[in-house]
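A.B. asks: please find the sequence and the predicted model below.
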Amino acid sequence: MVFIISIAIYSQQDTINKVDEKNLKQGYWVVKDETNNKIEEGLYKNDLKTGVWKSHYNDGTLKQEITYVDNKPDGYAKFYYPSGVVSEEGIWKGTNGLASINIIIQTGNLLMNGSIVSKANELGFKILSRKR
C-alpha cells in the first residue's frame with residue numbers, strides 16, 4: 001500500500017506544468033510568483049481549469065478553494081482569512097458568483113447564510129438566517 005502511494009506522489013510531481021503537442025496545458029499545474037511563492041494550483045484539461053483550484057496568500061496559507069468546470073467557477077467554493085479560518089463558503093454557479101453562501105466571522109462562528117438572488121441586471125443577497 002505504501003509503495004503504491006509513493007508512486008502516485010512521485011508521478012504527480014513528475015508531471016507538473018506540462019503542455020501537450022498542441023501546446024495546451026494538461027494535468028497538475030503550480031503557478032508561482034517571481035519569489036517562488038506558490039500562488040495557485042490545480043488541474044488543467046485541454047487548457048481549461050477543471051476541478052478544485054487552490055490559491056494561496058504570500059506566506060503559503062490557503063486563501064481559497066474554487067471548483068472549476070471548463071475554466072469557469074462552478075460548484076463548491078471556500079474562502080479563508082489569512083489566519084486560516086474559513087471566511088465564506090458556498091456553491092458557485094455561472095458568472096453571477098455564489099448561489100448560496102455562509103459568511104463566517106474570524107472566530108469561526110457562522111455570521112449568516114443566504115443565497116444570491118438575480119433579477120434582470122440586479123444581483124442581491126437573500127439572508128436565510130443570521131446569528132447574533
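C.D. replies: Ah, there it is.
A.B. asks: in this structure, which spans are strands?
C.D. replies: 18-19, 25-32, 38-45, 48-56, 62-69, 72-80, 86-92, 98-104, 110-119, 122-130 (DSSP state E).
A.B. asks: what comes into contact with the first one?
C.D. replies: Among residues not part of strand 18-19, those counted as contacts by CB atoms under 8 Å, 6 or more residues apart in numbering are 25-27. From N, CA and C alone the C-beta is placed, and that goes for glycine too.
A.B. asks: quick one: His56 and Lys63 touch, right?
C.D. replies: Yes - counting by CB atoms under 8 Å, Lys63 is a contact partner of His56 at 5.5 Å.
A.B. asks: re earlier: so can I have JSON lines of the contacts of strand 18-19 showing pLDDT and distance to Asp33?
C.D. replies: Shown next, in JSON lines, are the contacts of strand 18-19 (pLDDT from 0 to 100; distance: CB to CB, whole Å):
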{"residue": "Lys25", "pLDDT": "96", "distance to Asp33": "18"}
{"residue": "Gln26", "pLDDT": "97", "distance to Asp33": "23"}
{"residue": "Gly27", "pLDDT": "96", "distance to Asp33": "21"}
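A.B. asks: ok, what's across the strand from Trp53?
C.D. replies: Ile66 (DSSP bridges).
A.B. asks: try Gly27
C.D. replies: Assigned bridge partners for Gly27, using DSSP bridges, are Tyr44.
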